[in-house]
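Participant: Only the shape, not the letters, is given here:
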């Protein structure tokens with residue numbers, strides 16, 4: 001079962017500065033997660049994003065207008081979605097004729 005303590009623990013593992021994880025942040029994540037459609041929405045997001053390298057961000061990028069440039073910021077210490085996924089997204093942008101500037105940050109997931 002998803003609990004407030006579990007949420008705080010997960011946030012603490014993805015924030016580079018765990019001191020930023022306070023009650024307000026935990027609640028801001030919990031509130032939408034309580035929505036009955038949350039699981040379906042999260043699943044759809046995962047399928048369309050770079051969370052799964054097989055998708056490589058293609059679905060997400062395909063929805064962008066070609067004239068819209070992308071600034072892709074990625075934390076090199078992200079324990080959730082590694083930098084190899086940034087390259088998948090960048091390649092998908094370039095394959096769709098979308099300008100993509102990639103900046104790797106000395107940061108985590110959040």
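Facilitator: Okay, I see it. Given the structure is predicted, the values throughout are model-derived calculations rather than measurements.

Participant: Span of stretch 67-79 from start to end?
Facilitator: 32 Å (C-alpha to C-alpha, to the nearest Å).

Participant: ok, and what's touching it?
Facilitator: 13-14, 16, 61, 64, 83, 85-86, 89-90, 93, 98-109 (C-beta atoms under 8 Å, 6 or more residues apart in numbering). No exception for glycine: its C-beta is placed from N, CA and C like everyone else's.

Participant: mind redoing it with 6 Å?
Facilitator: 83, 86, 90, 93, 98-105, 107-109 (C-beta atoms under 6 Å, 6 or more residues apart in numbering).

Participant: Of the residues you listed, which is the most crowded?
Facilitator: When neighbours are counted by other C-beta atoms under 10 Å, residue 93 leads those with 24 neighbours.

Participant: Against which helices or strands is the helix or strand that residue falls within packed?
Facilitator: According to DSSP states H and E, residue 93 maps onto helix 83-95. If contacts are counted by 3 or more C-beta pairs under 6 Å, 6 or more residues apart in numbering; DSSP states H and E, helix 83-95 sits against helix 58-62, strand 70-75, strand 100-105.
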